[in-house]
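> I would like to see how this sequence folds:
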Amino acid sequence: AVLVVAMPLHAFAHPLGNFTINRYSRIEATATGLHLVHIIDMAEIPAHQERSTIDGDHDGEISEQEQKQYLAALTTSLATDLQLTINGATVPWQLRAQRLSFPGGQAGLPTLRVVTEWQSPLAAGTPVWEADYEDKSFAGRLGWQEIVVRGSEGAKLLESTAPASDVSAELTTYPADLLQSPLAVTHATFRVESLAVGETTTAGASANSASALLSPLRSGLATDPFAELINTATVTPLAILLALFAAFGWGTAHAFSPGHGKTVVAAYLVGSRGTVAHALFLGITTTVTHTAGVFALGLVTLFASRYILPETLYPWLSVLSGLLVVAIGISMVRDRWLRPATVHGHGHSHSHEHGHDHPHPHEHGHADHHDHGHDIIGHH
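The predicted structure is shown next:
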């Protein structure tokens, strides 16, 4: 457990989970227009689903022709989703380069990475211009979303709502600070001044930068060392056995840690004065339902995500969980409300009987104390 805690946080490739689709846009203003590098980084689960779509003949291999067909359809969609206006007029992007690759992810599972390069020429005689850019690709899907805008030797960036430097190194190294809110930037506006209209030196620099981006990643994305324990390329029966024991140990430790569900169950046990048998039963029930819920969510993510996206499913799960907790709370309050009333009625009846017996020892006068004690013993 200490080894897992000591792992560097940057080892986890996708901070929002392995079902995310992450997007990145880097815009460079030049003397003749805008140069855009757009990157899509799909985590393991959506990459698996997308590979099934790309593999048209379902032979388990992605041929060059299948890649071309997929990129043609994707870039057609991106040409519409990557919206750009300059001085209030909509300006189309021109595709210059594209590449599809499958870097290795957690436990040896492939991710999916698409890098495209776009150009939008600027009309001559426009010294200062305002641009508005919005990335609507994969709208509604959870993931890291980042936009970077830079100037160049031929164009000066006067102002911009987007930063000039990126945070994720083009979606290859996500921040180690997991407490930081993940970026969700899909829109940027900026003003540019052309310094030397007609110069093309920066266009060459952009092309070189793009060719470096379009080359495949040599080592893939950063991975989780713990997930690598079940990498199918290196796993052994002994490693599987050790992993099962480790999972059992960590699961047991997790059961002792604070949690909303366990807190509700513990409060129920205390409130109902439950026994050890009740605690064991509730513990088994919690374990079974929790595990079943994880498997159900995984199956929905894998097979029904085309119709039910995880991003739309999670809010409903939260609502159902909240309603369940409220129902349990109402049930506990109701039980506690009714129980005192029942105990009070019983106590009143007993007090009444005692009051009925009271005149009897009172009539004995001096022997009252002795007779009252005798009467109680006789009563028992």
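
> Let me see the ranges of the helices in the stretch 201-350 of the chain.
With helices called from DSSP state H, counting those that start in this stretch, the stretch 201-350 of the chain shows them at 201-214, 237-256, 260-272, 276-303, 310-357.

> next one: the stretch 51-200 of the chain
For the stretch 51-200 of the chain, the helices defined by DSSP H, counting those that start in this stretch occupy 64-81.

> Strands of that one, start to end?
For the stretch 51-200 of the chain, strands defined by DSSP state E, counting those that start in this stretch occupy the ranges 82-86, 89-90, 94-101, 112-121, 128-135, 145-150, 155-160, 187-194.

> closest one to Arg273 among those?
Across the strands of the stretch 51-200 of the chain, Arg273 has its closest neighbour in strand 145-150 (51.3 Å, CB to CB). Every C-beta, even on glycine, is put in place using the N, C-alpha and C of the backbone.

> Who are the packing partners of the closest one?
Counting contacts by 3 or more CB pairs under 8 Å, 6 or more residues apart in numbering; DSSP states H and E, strand 145-150 is packed against strand 21-29, strand 128-135, strand 155-160, strand 187-194.

> The next helix-or-strand element following the first one: partners in the sheet, and parallel or antiparallel?
When you say that, I think you mean strand 21-29. Downstream of strand 21-29, the first helix or strand assigned by DSSP states H and E is strand 33-42. Using DSSP bridges, strand 33-42 pairs in its sheet with strand 21-29 (antiparallel), strand 112-121 (antiparallel).

> Run through the stretch 251-380 of the chain and note the low-pLDDT ranges.
Low-confidence regions of the stretch 251-380 of the chain, defined by pLDDT under 70, span residues 255-256, 258-264, 301-302, 304-312, 340-380.

> is Thr116 in a bridge, and if so with what?
The partner residues for Thr116, given DSSP bridges, come to His38, Gln98.

> burial measure for it, as a count.
Residues lying near Thr116 (other CB atoms under 10 Å) number 25.

> show me the contacts for Leu241.
Neighbour list for Leu241: empty [criterion: CB atoms under 8 Å, 6 or more residues apart in numbering].

> what's the spacing between it and Ala72?
47 Å (CB to CB, to the nearest Å).

> cool, Arg191 as well?
Arg191 is 35 Å from Ala72, by CB to CB.

> out of those two, which sits in the busier spot?
Higher neighbour count among Arg191 and Ala72: Arg191, with 14 against 11, using other CB under 10 Å.

> And the pLDDT at Gly154?
Here the pLDDT value assigned to Gly154 is 86.

> And for it, nearest residue in space, chain neighbours not counted?
Once flanking residues are discounted, Gly154 sits nearest to Ala31: 3.1 Å by CB to CB, 6 or more residues apart in numbering.

> that older thread, and the strands of the stretch 51-200 of the chain as JSON lines, adding distance to Leu320?
Shown next, in JSON lines, are these (distance: least, CB to CB, whole Å):
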{"stretch": "strand 82-86", "distance to Leu320": "37"}
{"stretch": "strand 89-90", "distance to Leu320": "43"}
{"stretch": "strand 94-101", "distance to Leu320": "38"}
{"stretch": "strand 112-121", "distance to Leu320": "32"}
{"stretch": "strand 128-135", "distance to Leu320": "33"}
{"stretch": "strand 145-150", "distance to Leu320": "28"}
{"stretch": "strand 155-160", "distance to Leu320": "43"}
{"stretch": "strand 187-194", "distance to Leu320": "33"}
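
> quick one: which of those is nearest Ile328?
It is, among the strands of the stretch 51-200 of the chain and with distance given as CB to CB, strand 145-150, at 37.7 Å.

> Can I get the closest one in CSV? Just the C-alpha atoms.
The C-alpha coordinates for strand 145-150 follow below in CSV (Å, rounded to 0.1, in the frame of the first residue of the first chain):
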residue,chain,number,x,y,z
GLN,A,145,-10.7,20.7,-22.9
GLU,A,146,-7.9,23.2,-23.6
ILE,A,147,-7.3,26.1,-26.0
VAL,A,148,-4.0,27.9,-26.5
VAL,A,149,-3.5,31.0,-28.7
ARG,A,150,-0.1,32.3,-29.7
